[in-house]
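Chemist: with the sequence up front, the predicted model follows.
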Amino acid sequence: MNDTVSFGYRDVDATQKTGMVKGVFSNVAGKYDLMNDAMSAGAHRLWKDQFVKRVKPQPDEAILDMAGGTGDIAFRLHDRGARVTVADINPEMLAVGMERAAKKGLTGLAWSEQNAEVLDFPDRQFDAYTIAFGIRNVTHIDKALAEAHRVLKFGGRFFCLEFSTTLWPGFADVYDAYSHHIVPKLGKLLANDEESYRYLIESIRRFPDMAKFEGLIRAAGFTQTKVEPILGGLVAIHSGWKA
């Protein structure tokens, strides 16, 4: 019996999802940052600022920013003196990030095409692992978390910024209507791609809620796990330590 996983609201063969996700992000890479601004009214910038403050990057420490494609998190970490490796499964997203870094005059960032479930890096290489709005797109979340744990040094920290399920009842209804009906239309208007953005919204709905995802992080071996909800859990910062 074939292993099936979610791709938006559809269940697909697990062997197909990675390629399908790569296709989505190849389609949206050029307009990804524009669409983030449009979909969140710019709020994603504040969420990312808050996220990096929680990471507390230190000068010269090694940080792996997974699914970091266009560089939003990496640039913030780099500005605080960290040595950042930006990893992403999608070369088009990495290309956008490298172009943005060049325009900003940023040097010293490493860029690497990587699958979060099977990283090429040796054990215990990084002081911190960050992933923002990326883990819901991997085929097997448990494998990605296990790899995060493996490549962290003892005492290393894991931080994940991801959409979740808001616990504010009225707001939840409004956001649900907005995301399902307006976001795909924005995708069509701004990126000429309605279907990719429909998938991105559906993938949020299929992602584990905050408590369940925290349980997955603990199951991967992390300790002192914590969840910080934003907007009632619409977005959440998850963290843990490798003891």
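Modeler: Arrived safely.
Chemist: if you count neighbours, what's buried in the longest strand seen in the chain?
Modeler: Among the segments of the chain that qualify as a strand by DSSP state E, the longest is strand 152-163. The neighbour-count check on strand 152-163 (16 or more other Cβ atoms under 10 Å) flags 152, 156-163 as buried. All C-beta atoms are positioned from the backbone trio N, CA, C, and that covers glycine.
Chemist: where do the helices sit along the protein?
Modeler: 14-28, 32-40, 43-55, 72-79, 91-104, 141-151, 169-181, 183-191, 194-206, 210-219 (DSSP state H).
Chemist: tell me the most buried of the ones you listed?
Modeler: Counting by mean count of other Cβ atoms under 10 Å, helix 72-79 has the highest mean neighbour count of the helices of the chain, with a mean of 22.
Chemist: so which elements touch that helix?
Modeler: In terms of contacts (3 or more Cβ pairs under 8 Å, 6 or more residues apart in numbering; DSSP states H and E), helix 72-79 is packed against helix 43-55, strand 62-66, strand 83-88, helix 91-104, strand 126-132.
Chemist: same thing but 6 Å
Modeler: strand 62-66, strand 83-88 (3 or more Cβ pairs under 6 Å, 6 or more residues apart in numbering; DSSP states H and E).
Chemist: let's have the ones you listed in a markdown table, adding mean pLDDT, distance to residue 167 and mean neighbour count.
Modeler: Below are the helices and strands packed on helix 72-79 laid out as a markdown table (pLDDT from 0 to 100; distance: least, Cβ to Cβ, whole Å; neighbours: other Cβ atoms under 10 Å):
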| stretch | mean pLDDT | distance to residue 167 | mean neighbour count |
| --- | --- | --- | --- |
| strand 62-66 | 98 | 27 | 26 |
| strand 83-88 | 98 | 31 | 25 |
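Chemist: for this protein, give me the ranges with low pLDDT.
Modeler: Applying pLDDT under 70 to the chain flags residues 1-2, 6, 8-9, 35.
Chemist: residue 130 against residue 157, yeah?
Modeler: No: using Cβ atoms under 6 Å, residue 130 is not in contact with residue 157; the gap is 9.1 Å.
Chemist: coming back round to it: now for the helices of the chain, which one comes closest to residue 3?
Modeler: Closest to residue 3 of those is helix 14-28 (Cβ to Cβ; 4.1 Å).
Chemist: angle of the closest one against helix 91-104?
Modeler: Helix 14-28 runs at 40 degrees relative to helix 91-104, counting by axes from the mean of the first three to the mean of the last three Cα atoms, to 10 degrees.
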